[in-house]
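pasting the sequence and the predicted coordinates here, then a few questions.
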Amino acid sequence: MNMSPKKVYVDDAFNLFVEYADGEIKKLDLTQALAGSSLVRNITLCKQVFLEDGYAITWPNGMSLDPDHVYQDGTSVKKIPVASSYSEKIERLYQ
């Protein structure tokens with residue numbers, strides 16, 4: 001499928017939001033998708049999500065998700081909640 005993500009954000013409830021180049025926005029519950037991972041026990045780390053190489057949904061601890069998986073399994077939503085400035089700064093570093 002190879003959907004191209006443009007923006008990523010994690011809210012306080014461990015929901016991952018991904019905006020794709022086609023305008024679609026998907027929401028994925030990370031407590032289910034990454035069950036058992038230390039990532040879902042640390043909201044500060046979880047919110048540091050960024051796009052590595054403009055594609056891979058990645059965290060500083062090396063954990064990553066395939067954006068195609070999020071596109072297929074995520075729930076469509078109308079908008080991303082207010083994005084964290086930290087996430088946006090990290091995203092700019094990797095573009």
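Okay, I see it. Numbers count the residues shown, from 1 in each chain.

from here on, just use CA atoms for contacts and neighbour counts.
Will do.

and Thr75, its phi and psi?
phi -90, psi 130 (degrees, to the nearest 10).

and for Val40?
According to degrees, to the nearest 10, Val40 has phi -90, psi 10.

am I right that Lys7 sits in a strand?
Yes. With DSSP: H, G, I helix; E, B strand; the rest coil as the criterion, Lys7 is part of a strand.

so the residue nearest to Leu65 when sequence neighbours are not counted, which of the three states?
In this structure, Leu65 finds its nearest non-sequential neighbour in Ile57, 5.2 Å apart by CA to CA, 6 or more residues apart in numbering. Following three-state DSSP, we place Ile57 in the strand state.

touching, Ile57 and His69? I think so.
No. The criterion here is CA atoms under 8 Å, and Ile57 misses it with His69 at 10.5 Å.

got a pLDDT number for the residue nearest to Leu65?
Predicted confidence (pLDDT) at Ile57: the value is 96.

do you know how far it is from Ile25?
14 Å (CA to CA, to the nearest Å).

again, but for Asp53
For Asp53, the distance to Ile25 - CA to CA - is 20 Å.

between those two, which one's more packed in?
Ile25 (23 against 11; other CA atoms under 10 Å).

that one pairs with what?
Beta-bridge partners for Ile25, by DSSP bridges, are Glu19, Val77.

please tell me how far it sits from Cys46.
Here Ile25 is placed at a distance of 19 Å from Cys46 (CA to CA).

what about stretch 19-27, start to end distance?
With CA to CA as the measure, stretch 19-27 spans 9 Å from end to end.

looking at Ile57 and His69 now, which is surrounded by more residues?
For Ile57 versus His69, neighbours defined as other CA under 10 Å are more numerous around Ile57 (22 against 13).

count of neighbours near Met3?
By other CA under 10 Å, the residues close to Met3 number 17.

and the strands in the chain?
Ranges of strands in the chain, per DSSP state E, are 5-10, 15-20, 25-29, 50-52, 56-58, 64-65, 75-77.

with distance to Arg41 added, can I get these in JSON lines?
Converted to JSON lines, the strands of the chain look like this (distance: least, CA to CA, whole Å):
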{"stretch": "strand 5-10", "distance to Arg41": "13"}
{"stretch": "strand 15-20", "distance to Arg41": "13"}
{"stretch": "strand 25-29", "distance to Arg41": "13"}
{"stretch": "strand 50-52", "distance to Arg41": "18"}
{"stretch": "strand 56-58", "distance to Arg41": "16"}
{"stretch": "strand 64-65", "distance to Arg41": "16"}
{"stretch": "strand 75-77", "distance to Arg41": "22"}
